[in-house]
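>>> Give me the fold of what follows.
(4 chains)
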2 protein chains.
Amino acid sequence: MVSNRGRRPRQIDVAKAANVSTAIVSAVISSTSTGTIRVSEETRRRVLKAAEDLGYVPNVAARSLAGGRSHLIGAFTYQQHFPRESRDFYFEFLLGIEEAAEDAGYNLLLFTGTRDDSGNRTVYRNGSNMLQLADGSIMVGGQVDPKELARLHAERYPFVMVGRRDSIPDGVSWVAADYRSGTAEVVRKLAELGHRRIAFVQGALTHETVDDRRAGFAEVGTELGWPDTSLPVLTYDTAGGADANRPRTLLSLARRRKVTALVFESNYLADQVRTAAASAGVDVPGQLSVVALGDWSERNPGQQVAPGLAELTSPSRQIGREAVAMLIRLLGSQTTRTEHVMMPCTITTGSTIAPPPSS
Amino acid sequence: MVSNRGRRPRQIDVAKAANVSTAIVSAVISSTSTGTIRVSEETRRRVLKAAEDLGYVPNVAARSLAGGRSHLIGAFTYQQHFPRESRDFYFEFLLGIEEAAEDAGYNLLLFTGTRDDSGNRTVYRNGSNMLQLADGSIMVGGQVDPKELARLHAERYPFVMVGRRDSIPDGVSWVAADYRSGTAEVVRKLAELGHRRIAFVQGALTHETVDDRRAGFAEVGTELGWPDTSLPVLTYDTAGGADANRPRTLLSLARRRKVTALVFESNYLADQVRTAAASAGVDVPGQLSVVALGDWSERNPGQQVAPGLAELTSPSRQIGREAVAMLIRLLGSQTTRTEHVMMPCTITTGSTIAPPPSS
DNA sequence: CTGAAAGCGCTTACAG
DNA sequence: CTGAAAGCGCTTACAG
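Numbers count the residues shown, from 1 in each chain, chains lettered A, B, ... in the order given. As a prediction, this is how the structure comes out:
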């Protein structure tokens, strides 16, 4: 490496040139607002001049060693690759993080170099917490290592989780999409259009955000005083993978149950059912309204968003932004604190929602 | 801030626990290949165990202060915002940089926090070279501050320029798109299809990459022994902005000059001319072939790529990747060195190229 | 193969 | 308002 060590002017050189102590140089250069040190305007100018003349440039590593802060925000993911394609669900989170870091004047450290010898992501490489390079970090993505998160938290390393909120240890801060309210909003909207039988379609494998959506779904029933039969929950077997018959089964089930609107946890399945309806002669949305609630777990990698499909969309960019704001709050706080924020989802109406058939 | 200072175990604690010196701990933990220090397998295990038990985590700032390396690659841009939208010309460069950093096991520091009080990007904030947080950096984008670059280079800070190669000081390393060869390839292709009069269309404002393209254009004439009249260069006034008449002027000029193929520096203008041709009853590509050479400077922000337009495409992603590889070479080199690499462009044939009219 | 110690370049109490 | 000095937590010659 081309090393300039020893040739580059240091603080002490500037101090000598300006005929002051290094403390003064430090105070002038870093212009610490915390500093109780006040420097006369004349001295200040002299120091600045000397620094300029010598081409002095503070060493950031030394500064952060002595000062205890790097002024860096980190972004980490357990995903195999950093989200880089716009079709990657986590991509938008990262964009929001970048934007907010930029707005806040922070540099952003992407922990791209955090794979162990087996190619798996880990925070602790050779037992060393790589994240501490940054003052705090945002953890992005659907995969997590709960043990690592717990250890991080125990170490009191400041971080905010984004992209999921289940399977993460207590005390960990997060920002998440409010699927509950969003789903309730969707159902309310359908009810307003005149629907009186709306089914919630979920996979066999449940997780927290599915529970949230179902809660939002049920909530509207209570709100409107509907009987349980008006809001049936249909569960299909996820284990079988992409079962070609699944969409048809669901369609006939819907007809039998006299359901006029289908609310799908999975965008993928919603899209499939819409397609199947077309070939089965069922008019969407004339006879059947279809809404997707934003779960992409069944999506094939590279699959594009289904155009025209009514859907609940995660406010991923805003979540990313909020996570950075939250992290900065955590960093500024004297006490250890935990924050949880739910951000409202967006409803894209699309062309698959309409009033129920008048019959 | 939640500070763990003083509570977190340090190297010395591990050393005491393992009954060795800190030098040994350092050697074991950092597993420096350079290290002439050899540690017995048993000692090694003891140290690792102690580190594990204590939850020891090396401090990176200290490490890079003492060792002189941070093992971080930086990315900087003079653009107002970091490229984040796929329609941003510089976005792909950044993706390539991220990919390559990930592959090389480096963390990537995005210098998002580098705007001064007026909102302008600077490398030197309060006289301090922010980039030195990273061992070396990639500079991305179309804007540059030549003075800062010169200063950086004088300081012997290792960096590689990407996205442009003119207006940058001597001795600075860069990776750029090879528009010369690409343009030659385009013209050769047109000649093979039977074209014998091909015009190069350029703006009044010239810069290095336009010169490159024109050189590639002229090169083929020499190669094939064509007279100068076969390869005219048409210059239009850029000063007038988006002049609505420009496309028509060019079309009639082309007809008068008996030109059967138009090669445009500017993608924007190429697209406009194609559209104008349609409404003027000129068949593209039946009567006139149109090719764009990848200059986007006239593009409106947010404008999408013109679909179907034959064009030369900058290998931006590969350039980003190569820049990282180059930087890593520079970092590993004992001597100060400069490297320049031109990466081949891609030709997208599209639907605007055909043999000339048979008449 | 191992240990004691200097030094990396700052910041920040602590005295004056 | 200013100075001398300790200390941040490592790495790396240099001795043993």
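>>> got a list of what the closest residue to A:Gly163 other than its chain neighbours touches?
With sequence-adjacent residues excluded and distances taken as Cβ to Cβ, 6 or more residues apart in numbering or on different chains, A:Gly163 is closest to A:Gly141, at 4.9 Å. Just so you know, the C-beta spots here come from the backbone N, C-alpha and C atoms, and that holds for glycine as well. Applying Cβ atoms under 8 Å, 6 or more residues apart in numbering or on different chains to A:Gly141 gives the contacts A:Thr77, A:Tyr78, A:Gln79, A:Pro83, A:Tyr90, A:Phe93, A:Gly163, A:Arg164.
>>> how near is A:Gly141 to DNA strand C?
As judged by Cβ to the nearest atom of the strand, to the nearest Å, A:Gly141 and DNA strand C stand 34 Å apart.
>>> Please report the distance of that residue from DNA strand D.
Going from A:Gly141 to DNA strand D by Cβ to the nearest atom of the strand gives 28 Å.
>>> do the same with A:Glu185
Computed as Cβ to the nearest atom of the strand, the A:Glu185 to DNA strand D distance reads 50 Å.
>>> Within the helices and strands, which one has A:Leu108?
A:Leu108 is located in strand A:107-110, with elements delineated by DSSP states H and E.
>>> other SSEs contacting that strand?
The elements that strand A:107-110 packs onto, with contact taken as 3 or more Cβ pairs under 8 Å, 6 or more residues apart in numbering or on different chains; DSSP states H and E, are strand A:72-77, helix A:91-104, strand B:107-110.
>>> strands paired with that strand, and their directions?
Partner strands and pairing direction for strand A:107-110 (DSSP bridges) are strand A:72-77 (parallel), strand B:107-110 (antiparallel).
>>> Tell me which residues are up against it.
Here strand A:107-110 makes contact (Cβ under 8 Å, 6+ apart) with A:71-75, A:82, A:97-98, A:101-102, A:133-134, B:72, B:98, B:101, B:107-114, B:130, B:133.
>>> Just confirm A:Leu269 contacts A:Pro247, I think it does.
Yes. With contacts defined as Cβ atoms under 8 Å, A:Leu269 counts as touching A:Pro247 at a distance of 7.3 Å.
>>> Between those two, which is the more surrounded one?
It is A:Leu269, of A:Leu269 and A:Pro247, that has more neighbours when counted by other Cβ atoms under 10 Å in any protein chain shown, with 24 against 20.
>>> From DNA strand C, how far off is the more buried one?
From A:Leu269 across to DNA strand C, the span is 55 Å (Cβ to the nearest atom of the strand).
>>> Work out for me the element A:Ala270 sits within.
Secondary-structure element containing A:Ala270, defined by DSSP H and E: helix A:267-279.
>>> Got the phi and psi for the nearest residue to A:Gly221 once chain neighbours are set aside?
Spatially, and ignoring its direct neighbours in sequence, A:Gly221 is nearest to A:Leu231 (4.6 Å; Cβ to Cβ, 6+ apart). The phi and psi torsions at A:Leu231 (degrees, to the nearest 10) take the values phi -130, psi 70.
>>> okay but A:Leu231 is in contact with A:Phe200, surely?
Yes. Counting by Cβ under 8 Å, A:Phe200 is a contact partner of A:Leu231 at 7.0 Å.
>>> Overlap of the contact sets of those two?
The contact sets of A:Leu231 and A:Phe200 overlap at A:Phe217 (Cβ under 8 Å, 6+ apart).
>>> still on that earlier bit, put together CSV for the contacts of A:Gly141, with neighbour count and pLDDT on each row.
Rendered in CSV, the data for these read as follows (neighbours: other Cβ atoms under 10 Å in any protein chain shown; pLDDT from 0 to 100):
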residue, neighbour count, pLDDT
A:Thr77, 25, 93
A:Tyr78, 19, 91
A:Gln79, 16, 87
A:Pro83, 21, 84
A:Tyr90, 23, 90
A:Phe93, 27, 94
A:Gly163, 28, 84
A:Arg164, 20, 78
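>>> Can you tell me which helices and strands the helix or strand hosting A:Ala51 packs against?
Using DSSP H and E, the element containing A:Ala51 is helix A:41-54. Secondary structure elements in contact with helix A:41-54, counted by 3+ Cβ pairs under 8 Å, 6+ apart, are helix A:11-18, helix A:22-30.
>>> Fine, thanks again, bye for now.
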